[in-house]
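Visitor: Give me a model of this one.
(one chain, ligands or ions: 1)
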Amino acid sequence: MVKSESPPPAAGNHMTPDEFRRHGRQVIEWIARYMESVEEYPVRSPATPGQIRDALPAEPPEVGEGFEEILADVDRLILPGITHWQSPNFFAYFPSNNSGPSILGELLSAGLGVQGMLWSTSPACTEVETHVLDWLVAMLGLPDRFLSTSRGGGVLQDTASNAVLCALLAARERATGFQSNRAGAAGDLVVYTSEHAHSSIDKAMRIAGLGHQQLRKVASDAAFAMRPDALARQIEQDRRAGYKPCLVMATVGTTSSNAIDPVAEIGAVCEHEGAWLHVDAAMSGTAALCPELRWIQPGLELADSYTFNPHKWMFTNFDCNAFWVADRRELVRTLSVLPEYLRNAASDSGEVIDYRDWHVQLGRRFRALKLWFVIRHYGVEGLRRHVRQHVALAQEFAGWVQQSSQWELAAPAPLNLVCMRHVDGDEATRDRMERINRSGAAFLTHTRLADRFVLRVCIGQRATERRHVTRLWERLEE
Ligand code: PLP
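Guide: Now for the predicted structure:
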């Protein structure tokens, strides 16, 4: 894509600002052309195992190379091994969309290169983050208890997986009177979630030192949403056996089928039992930008923590997870460790937020910058328009499935995910999916629901238009 136009710099020297300016333009030009042409690539990488690595030199270069040479190798060596998540024909897993303002915010964050572990290590890094997370509370119609001006507050994490881990650690502490950090994890604590919840809760259990036996997968209803009556019954049974409920994780938009757990009823059970309620809305939380779609979140006022991923459906490139707690003191008390070398007057004053106490790692980058750019570039109305368009396309697609003699819906399609199966059975479904994926024309993934192989069509890529969706449907009907 990029032609060599200058001699390589003296090997091994730092890139000068002028060289950076020149190569930076080349990289921006590369990305812009990629945005223009991404639709032309086979969506799923056709690379075979080991193919990319085999093409790389066995040894690192002893002497530095010219930047043009490096960039040319991106085309030659890297692109063949890329699955094009930014393609408008990407309907697999979940959207992981980026956008111009987000990429530029990311670049600026790298350029500033700050560590925002403490307020004092870069005040803007902390204050913009707090501000943007408060904006999001209003933008999504979340309960005021998550505002930093109340007892709660939000923080940007890398992923929803780390968000649920932090929620679980805080819940574990609260359930043991803040003793488990001192004495180790408690064997009598039990965690509940639906059988369709994301696997990140399983991993969080391992990291938090709670055994797999302490995780209960609660039965779901016909729409694959958690059954609050089954939850209450399971807790009662566990209490009788000497266990103590620690945390319940409800999902707003499960990965498999986009099922929406009844958060209000689950929250009532949590309130009664004194269990921490964590709500995972990784992809679907973005829908709440649209007031008419906020039917997905009644009951959030009962949540102790809530999370969604702007890095999925909100045009903010990975990684960017938003995580809120209703009482920040519980989280900070759980995670705060203060070595002498981090002490400073601002922290001692108690007037500032030190986000190092809100997650696992110490170091943190200026992740809020790209989110701030995205929100300012699109405006709330602009973001809503795109989300509405994706939901409308998915609803139209679901309508085609319902009318089709070949396909049937495998689950309700509340938002932007359509789950479907072929009337001829699992092999026919798998065969259609593999044929499309092999062709490179689109990329689809599957799940299992009610023990049937199910095709998932997730609509949420930034560049996806109606023509991409109609073309996919034509291919599925061929
Ligand atoms: N929760 C749900 C419902 C998801 O769909 C996903 C990802 O697919 C996750 C959590 C994990 O997200 P992350 O990659 O941010 O950890």
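Visitor: Could you tell me the per-residue confidence at the residue lying closest to Asn13 once chain neighbours are set aside?
Guide: Counting by CB to CB, 6 or more residues apart in numbering, Gly64 is the residue found nearest to Asn13 once chain neighbours are left out, at 7.7 Å. For glycine as for every other residue, the C-beta is placed from the backbone atoms N, C-alpha and C. pLDDT for Gly64: 94.
Visitor: Give me the neighbour count for Gly64.
Guide: 14 (other CB atoms under 10 Å).
Visitor: looking at it, it is touching Gly12, isn't it?
Guide: Yes. Between Gly64 and Gly12 a contact is recorded at 4.8 Å, counting by CB atoms under 8 Å.
Visitor: got the contact list for the nearest residue to Ala442 once chain neighbours are set aside?
Guide: The shortest distance from Ala442 to any non-neighbouring residue, by CB to CB, 6+ apart, is to Asn89 (4.2 Å). The neighbours of Asn89, taking CB atoms under 8 Å, 6 or more residues apart in numbering as the test, are 39, 43, 441-443, 464, 468, 471-472.
Visitor: which one of the residues you listed is nearest Glu173?
Guide: Nearest to Glu173 among the contacts of Asn89 is Phe443, at 41.7 Å by CB to CB.
Visitor: partners of that closest one in the sheet?
Guide: Beta-bridge pairing of Phe443 under DSSP bridges involves Phe90.
Visitor: Isn't it up against Tyr41?
Guide: No. Taking contacts as CB under 8 Å, Phe443 lies outside contact range of Tyr41: 10.7 Å.
Visitor: Overlap in contacts, these two.
Guide: 84, 87.
Visitor: His422 and Asp202: what is the separation?
Guide: 31 Å (CB to CB, to the nearest Å).
Visitor: Glu68: how many residues sit nearby?
Guide: Glu68: 18 neighbours (other CB under 10 Å).
Visitor: Buried residues in the helix or strand of the chain with the lowest mean pLDDT, which are they?
Guide: Here the helix or strand of the chain ranked lowest by mean pLDDT, DSSP states H and E is helix 180-183, holding a mean of 86. Neighbour-count burial for helix 180-183, counted by 16 or more other CB atoms under 10 Å, picks out 180-181.
Visitor: hang on, the earlier thing: is it true that the residue nearest to Asn13 lies in a strand?
Guide: No. Going by DSSP: H, G, I helix; E, B strand; the rest coil, the assignment for Gly64 is coil, not a strand.
Visitor: tally of neighbours for Ile187?
Guide: You called it Ile, but residue 187 is Gly. 12.
Visitor: Glu127 now?
Guide: Glu127 sits with 16 neighbouring residues when counted by other CB under 10 Å.
Visitor: Check Phe178 too.
Guide: Neighbours of Phe178 (other CB under 10 Å): 14.
Visitor: does it count as helix, strand or coil?
Guide: Following three-state DSSP, the label given to Phe178 is coil.
Visitor: Could you find the closest non-adjacent residue to it?
Guide: Per CB to CB, 6+ apart, closest to Phe178 is Arg333, 6.2 Å.
Visitor: so the one you found, which of the three states?
Guide: helix.
Visitor: That one contacts Gln179, correct?
Guide: No. Counting by CB under 8 Å, Arg333 stays clear of Gln179, with 11.6 Å between them.
Visitor: Overlap in contacts, these two.
Guide: Counting by CB under 8 Å, 6+ apart, the common neighbours of Arg333 and Gln179 are Glu173.
Visitor: and the gap between Gly299 and Val279?
Guide: For Gly299, the distance to Val279 - CB to CB - is 8 Å.
Visitor: When those two are compared, which one has more neighbours?
Guide: Val279 (26 against 20).
Visitor: Ile103 and Leu369: what is the separation?
Guide: Taking CB to CB, one finds Ile103 at 11 Å from Leu369.
Visitor: before we move on, what about Ala275?
Guide: Relative to Leu369, and taking CB to CB, Ala275 is found at 36 Å.
Visitor: Which one's more surrounded, His422 and Asp202?
Guide: Neighbour count, other CB under 10 Å: between His422 and Asp202, His422 has more, with 21 against 14.
Visitor: Wait, that one touches Arg432, no?
Guide: Yes. The criterion here is CB under 8 Å, and His422 meets it with Arg432 at 6.2 Å.
Visitor: Need the residues touching each of those two.
Guide: Common neighbours of His422 and Arg432 (criterion: CB under 8 Å, 6+ apart): Leu455.
Visitor: Quick check: buried residues in the longest helix seen in the chain?
Guide: Under DSSP state H, the helix in the chain containing the largest number of residues is helix 368-403. Using 16+ other CB under 10 Å as the test for burial, helix 368-403 gives 368-375, 377-378, 383-384, 386-387, 389-391, 393-394, 397-398, 400-401.
Visitor: just stretch 466-478 next, same as before
Guide: Quick answer for stretch 466-478 (16+ other CB under 10 Å): 468-469, 472-473, 475-476.
Visitor: Ok, stretch 459-467 next?
Guide: 459-464.
Visitor: from the residues you listed, which is closest to Arg53?
Guide: Looking across these and measuring by CB to CB, the closest to Arg53 is Gln461, at 28.4 Å.
Visitor: ok, the closest one - contacts?
Guide: 85-88, 90-91, 95, 97.
Visitor: where's the residue of the stretch 1-150 of the chain found nearest the ligand relative to Phe373, distance?
Guide: For the stretch 1-150 of the chain and the ligand, the shortest gap (CB to the nearest ligand atom) falls at Phe94, measuring 5.1 Å. Remark: distance between Phe94 and Phe373 (CB to CB) = 22 Å.
Visitor: Where do the strands of the protein begin and end?
Guide: 153-157, 189-194, 215-218, 244-251, 276-280, 305-308, 321-325, 407-409, 417-422, 445-449, 452-458 (DSSP state E).
Visitor: Tabulate those (TSV), appending mean pLDDT and distance to Glu340.
Guide: TSV is the format used below for the strands of the chain (pLDDT from 0 to 100; distance: least, CB to CB, whole Å):
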stretch	mean pLDDT	distance to Glu340
strand 153-157	98	24
strand 189-194	97	33
strand 215-218	97	38
strand 244-251	97	33
strand 276-280	98	32
strand 305-308	98	31
strand 321-325	98	27
strand 407-409	98	60
strand 417-422	98	50
strand 445-449	97	49
strand 452-458	98	49
